[in-house]
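Colleague: using only what follows, build the 3D model:
(2 chains)
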Amino acid sequence: MNFKNFKFDLSNKNKNLIPQVLTVLFILLLIIYFTINAQNNMGNRGISFGFGFLSQESSFDITFSLIDYDGSHSYARAFLVGLLNTILVSVIGIFFATILGVTVGISRLSQNYLIAKTAEWYVEIFRNIPLILQIFFWYFAALRALPLTIDSINFYDISFLNVKGWYVPKFLWTNFSLFLYSIIFSIIAIIFFLRYAKQQRDEFGKQFPTFYISVAILFVLPTLTFLIGGVSLTFEIPELTQLSKTVYVYKGGVSIIPELIALALALSMYTATFIAENVRAGILGVSKGQKEAAASIGLTKGQILKLVVMPQALRIIIPPTTNQYLNLTKNSSLAAAIAYPDIVLVFAGTALMQTGRAIEIISITMLTYLSLSLSISVFMNWYNKKMAIKEK
Amino acid sequence: MNIVNFKPNKDNLKSTLPIGIFLISIGLIDIILNSLLNFNLTSFLPEKISFIAPLIFGAIGLYLIRIEFSGNKLLDKINKNFNSSSFNAILTLLVIFALIKYVPPLLNWFIFDADFIGNKKEDCTSGGACWVFVKVWFNRFVYGMYPDAEQWRINSAFIMLFLLVGASFFVPSKYKKYLLIFLVFVYPIIGLKLISGGDFGLKYVETGAWGGLSLTFIVSAFALILCFPIGMLLALGRRSNLPAIRYSSIGFIELWRGVPLITVLFMSAVMFPMFLPDGTYVDKLIRVLIAITLFEAAYMAEVIRGGLQALPKGQYEAAKSLGMGYWRMHFLIVLPQALKLVIPGIANTFLALVKDTPLIFVVGLLELAGMVNLAKTNPKWLGMAMEGYVFAGLVFWVICYAMSRYSQNLERKLSTERQ
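Modeller: Residues are numbered from 1 along each chain as shown, chains lettered A, B, ... in the order given. Here you go, the predicted model:
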């Protein structure tokens, strides 16, 4: 036997296999180690792993809730309250951040030197200050400087702003569901109409004033429900009531707690800076030749913006902006710092203190955020694929 | 003269320009008098018209001076940058009016009416900002509860870091490698030992006493130094051909990127101890450092992956054809170029890291923002929240703005090299 030519066979297959096996082994060992420790620790403390506590009575109150909730409801219900509050502040934040961000982003490209500079400084200032500090500032410094209930800032006698929060009229609907159905129906009608208009345009070259007709449908149908469907809307205006000699409160209406205002303000102003940068990059990303080409085939300024610039700019703007929406949602967890009852404060804070079930509760909280992120990124990938330039 | 078709142009420049400038001045004077001296120039008009009178005057004035190719360079420049259309003219006026109305009060609060002298709250009498608060608490804002006599240790640790980083710019590239290895693997241990003490005759200072701005720097510096190599490995792992490694990297990255930092910190505070053998105690600060490092490493990995993807395939192929193995190819050819491409992304990650450090208050560590929160609840200093947050915001802003500027410069410098 010739030993000289013997070589340990480290073929490509084995070479690839060894690091993989090692990685998997390492992860498995880590998980096993953690599980054993966790079991020991929980055994020592006399608790067992499980999610049964979710149906137990929570016996703590939450200051702000969109659904019926008090201490007699379950922990699962408390989780839902927190989740809804998180979603509420995220939606409000996303709405205002988008409006502000788009405005600032377009302003940065303005020919007007003052406007462009103002927008630039807005971005530079608010982007470079930690969000948590901005939340603290609005909540502890700015909103605390508001007047007391008795000398509230009065907006046309229907809405009042004071240190306890913002009191706005409450909508009192009759037959609200009918109104809602009519809106849904008119949106469906608009979609069908737009499809029909597109088909007509593609086949016969017929042009419809699609925008005006869509607006008309959206307004006419819901208005009809007011006139003949028996839908009506009244407002409950908050009123100043004296409880004792020096204590005044506003009763009726909807009260928006200062925690929510501070959080929504800080989140939207902070995220708007990033959206503004995305918008600016998107508009700058459309090459000048595109606009010139569009102008040379005789499109008007409005048509250039709508048909040539925006579709291309949106392709650049939307992916990073969705990312910012996601960041905003995750950042809303900073609510815990000012005691806005979001999912982190209610569930990972109060509920955890009461039950001591760290592993279950932290896992549920993290999984909630994780599934939110993953679903948005799945949507993003789908959207990117759909919007990608289809090259021939 | 046909008044309907009247349009300011080069021919009637002599008459329209003075009228225009006069009207604009009236508008500006009205606003200045109104906001500074509380005197209404147009009080004879009805209230609502008087309110928008300066805007009307200014807009007409700007319309009158909007003359294309007037021959006057200054006028052309003004028209181009501030007055290109009626809409722009009104925006310009609104911005100027807002500046006149809001900047002086802010400056007054900030500087002119502010108090700087004294050492207690009662010394603040003039109605502006009470910077005495910041002055008195300054030491706490920077060093937290760290004992006064031992603060030289924090200072020397930071001076050492600055010297090391500074030296890396000057030493010959032959030794840079060793310096870098020293900075990444040896310095963190020396620095932590110096600040925490316990050996070599240094008094032990428990991490609960650390705080203030120095803690912000400690956390962000250590997390940055440690998250870089991990992020690099994760990025390589994510692009690996080996499925087990690729999927575990993807899983790790997406797990951290999908959750907010605050829940990660909660996890390190309440859940992590459950996973360790009973009785082991890992210091709070160490746990936080691990949590932030892993969190930022996931973001860093995505940034570096962007650089790896942007690199032309030819670079990989050329390296392979020279007979380089996986590690040599990546460390000598691919990563140096890829990292250069993503310097802005790395800087952004670091910026985000610095801005995230205040969150460590959830586990009870108080850096700058946390110390402000503590100071403003001190019974002797109630009502100082505004000053505290403005100060903290200013400090963070200076740090972050300087860093973003530096990264932009670096990016510009490197990009010219490539062309």
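Colleague: let me see the backbone angles for A:N128.
Modeller: phi -100, psi 10 (degrees, to the nearest 10).
Colleague: should've said B:C124
Modeller: Dihedral angles (degrees, to the nearest 10) for B:C124: phi -90, psi 100.
Colleague: list the residues that contact it.
Modeller: B:D115, B:G118, B:C130, B:V132, B:F133 (CB atoms under 8 Å, 6 or more residues apart in numbering or on different chains). Glycine gets a C-beta too; all of them are placed from N, C-alpha and C.
Colleague: beta partners for the closest residue to it other than its chain neighbours?
Modeller: Nearest non-adjacent residue to B:C124, counting by CB to CB, 6 or more residues apart in numbering or on different chains: B:C130, 3.7 Å away. Taking DSSP bridges as the rule, B:C130 bridges to B:D115.
Colleague: run through chain B and note the low-pLDDT ranges.
Modeller: Regions of chain B meeting the criterion pLDDT under 70 cover residues B:1-6, B:41, B:43, B:201, B:414-419.
Colleague: scan it for its longest helix.
Modeller: Taking DSSP state H as the assignment, the helix of chain B that covers the most residues is helix B:385-418.
Colleague: distance from that helix to the middle of the chain?
Modeller: Averaged C-alpha coordinates place helix B:385-418 at 5 Å from its chain's average position (CA atoms, centre = their mean, to the nearest Å).
Colleague: quick one: buried residues of that helix?
Modeller: Buried residues in helix B:385-418, defined by neighbour count with 16 or more other CB atoms under 10 Å in any protein chain shown: B:385-393, B:395-397, B:399-401, B:403-404, B:407, B:411.
Colleague: what are the phi and psi angles of the residue nearest the centre of chain A?
Modeller: Centroid check for chain A by CA atoms, centre = their mean gives A:S90 as the closest residue, at 3.4 Å. Main-chain torsions, A:S90, degrees, to the nearest 10: phi -70, psi -40.
Colleague: per-residue confidence at it?
Modeller: Per-residue pLDDT puts A:S90 at 91.
Colleague: hang on, it packs against A:S332?
Modeller: Yes. Contact criterion CB atoms under 8 Å: A:S90 and A:S332 qualify, at 5.1 Å.
Colleague: now do the shared contacts for these two.
Modeller: Common contacts of A:S90 and A:S332 (CB under 8 Å, 6+ apart): A:L267.
Colleague: tell me how many other residues crowd the closest residue to B:I292 other than its chain neighbours.
Modeller: Excluding the flanking residues, the one nearest B:I292 by CB to CB, 6+ apart is B:A223, at 4.5 Å. Close neighbours of B:A223, defined as other CB atoms under 10 Å in any protein chain shown, add up to 25.
Colleague: touching, B:A223 and B:M300? I think so.
Modeller: No. With contact defined as CB under 8 Å, B:A223 does not count as touching B:M300 (10.0 Å).
Colleague: the helix or strand that contains A:I92: what's the following helix or strand?
Modeller: When elements are assigned from DSSP states H and E, A:I92 belongs to helix A:75-108. Following helix A:75-108 in sequence order, the next helix or strand is helix A:113-127 (DSSP H and E).
Colleague: is the very next helix or strand once past that next one in proximity to chain B?
Modeller: As assigned by DSSP H and E, the chain's next helix or strand after helix A:113-127 is helix A:131-136. Yes. Taking CB under 8 Å from any CB of the partner chain as the criterion, helix A:131-136 and chain B are in contact, through A:L131, A:I132, A:L133, A:Q134, A:F136.
Colleague: mind listing what A:V24 touches?
Modeller: Per CB under 8 Å, 6+ apart, neighbours of A:V24: B:A244, B:S248.
Colleague: need the pLDDT of A:G298.
Modeller: pLDDT, A:G298: 90.
Colleague: do the same with the one 10 residues further on
Modeller: At A:V308, the predicted lDDT confidence score is 88.
Colleague: now it, what are its backbone angles?
Modeller: Dihedral angles (degrees, to the nearest 10) for A:V308: phi -110, psi -50.
Colleague: looks like it contacts A:T300 (just checking).
Modeller: No. Using CB under 8 Å, A:V308 makes no contact with A:T300, being 11.2 Å away.
Colleague: run a quick neighbour tally on the residue nearest to B:C124.
Modeller: Neighbourhood size, B:C130 [other CB under 10 Å]: 24.
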